[in-house]
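# Need coordinates for the following:
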Amino acid sequence: MMAVIPVSPLNSAKSRLSEFLTGEERKLLLMNMVMDVYGALEDLDVCLISKDDEILNFSKELGIIPLKEEGKGLNNAIKQAIESVEDEEVMVTPADVPLIKKYHIKEVLSKSKRNAIVISPSRGGGTNLLLLNPKDVIEPRYEGFSFLKHIDEAKKRNVEVIIYDSFLISIDINTPEDLGEVFIHGEGTNTYNYLKSLGIKILPKHSSAGRFVIKR
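Numbers count the residues shown, from 1 in each chain. A predicted model of the protein is given here:
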């Protein structure tokens, strides 16, 4: 089993956090999230694919197999990574789900079966974990409401869909409010420790317009 972590270039990482974190802080946030995701996946062979040499070198230092992205777009990057590995099964996990745990991976692996996908949705309708058995059982269809796209792709190919619903996996970090979830649920993670080091705090927000007030 090979796990694939696709990562966008560091200079464009997490642009929706740009009013809250500097470019350097967003880069370091991403690196800490990669460490947390790798911590959940480390019992597997893990490959990180990116155009960014800095994150590729960083991943190599962690013990991850670095793969230089050659094409354009997330789906092409994932297809490149899938085609480059010899493993029959492949799991795709984004770099920005720092609350994922080893027990999640163990449970997902226990659900894997031939001619099936195991899929975990994000809160926004994306795909935060996708296990392909075999690796070419469906085409990756990331971006947009990819959770529904992947299910539709599987149905068209008569492939079984196994949904692994996890609140912690559903949390991907894209906005300042998302950081609040890390403070509530992520104590002990690299991401939590890094955000604390920046002096970030969260306060409850008693209104319909969001759950937290995020302050520095």
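# all helices for this structure, in order.
23-41, 53-62, 74-84, 102-111, 146-156, 167-170, 176-185, 190-197 (DSSP state H).
# Show me the least confident stretch of these, going by mean pLDDT.
Of all the helices of the chain, helix 176-185 carries the lowest average pLDDT, namely a mean of 92.
# and Ala95, what does it touch?
Neighbour list for Ala95: Ile5, Pro6, Val7, Leu30, Met33, Val34, Val37, Leu48 [criterion: CB atoms under 8 Å, 6 or more residues apart in numbering]. All C-beta atoms are positioned from the backbone trio N, CA, C, and that covers glycine.
# Counting neighbours, what do you get for the last one?
I take that to be Leu48. 26 (other CB atoms under 10 Å).
# Give the closest residue to Tyr192 in space, chain neighbours not counted.
Gly186 (4.2 Å; CB to CB, 6 or more residues apart in numbering).
# count of neighbours near the closest residue to Tyr194 other than its chain neighbours?
Closest residue to Tyr194 apart from its sequence neighbours, by CB to CB, 6+ apart: Asn32 at 4.4 Å. If you count neighbours by other CB under 10 Å, Asn32 ends up with 20.
# Could you do Asn76 as well?
13.
# any idea how far it lies from Tyr142?
10 Å (CB to CB, to the nearest Å).
# coming back round to it: right, so of the helices of the chain, which gets closest to His206?
For the helices of the chain, the distance to His206 is smallest for helix 176-185, at 13.9 Å, taking CB to CB.
# tell me which residues in the closest one are buried?
Buried residues in helix 176-185, counted by 16 or more other CB atoms under 10 Å: Pro176, Glu177, Asp178, Leu179, Gly180, Glu181, Val182, Phe183.
# before we move on, what about stretch 198-207?
Buried residues in stretch 198-207 (16+ other CB under 10 Å): Ile200, Ile202.
# about what we covered before: okay, the helices of the chain in a markdown table with distance to Ile214 next?
A markdown table is the format used below for the helices of the chain (distance: least, CB to CB, whole Å):
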| stretch | distance to Ile214 |
| --- | --- |
| helix 23-41 | 13 |
| helix 53-62 | 25 |
| helix 74-84 | 27 |
| helix 102-111 | 26 |
| helix 146-156 | 26 |
| helix 167-170 | 19 |
| helix 176-185 | 5 |
| helix 190-197 | 10 |
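# Do I have it right that Asn128 meets Val92?
No - judged on CB atoms under 8 Å, Asn128 makes no contact with Val92 at a distance of 9.5 Å.
# Between the buried residues of helix 176-185, which sits nearest Leu203?
Closest to Leu203 out of the buried residues of helix 176-185 is Gly180 (9.0 Å), distances taken as CB to CB.
# Skipping adjacent residues, who's closest to Val118 in space?
Excluding the flanking residues, the one nearest Val118 by CB to CB, 6+ apart is Leu131, at 4.0 Å.
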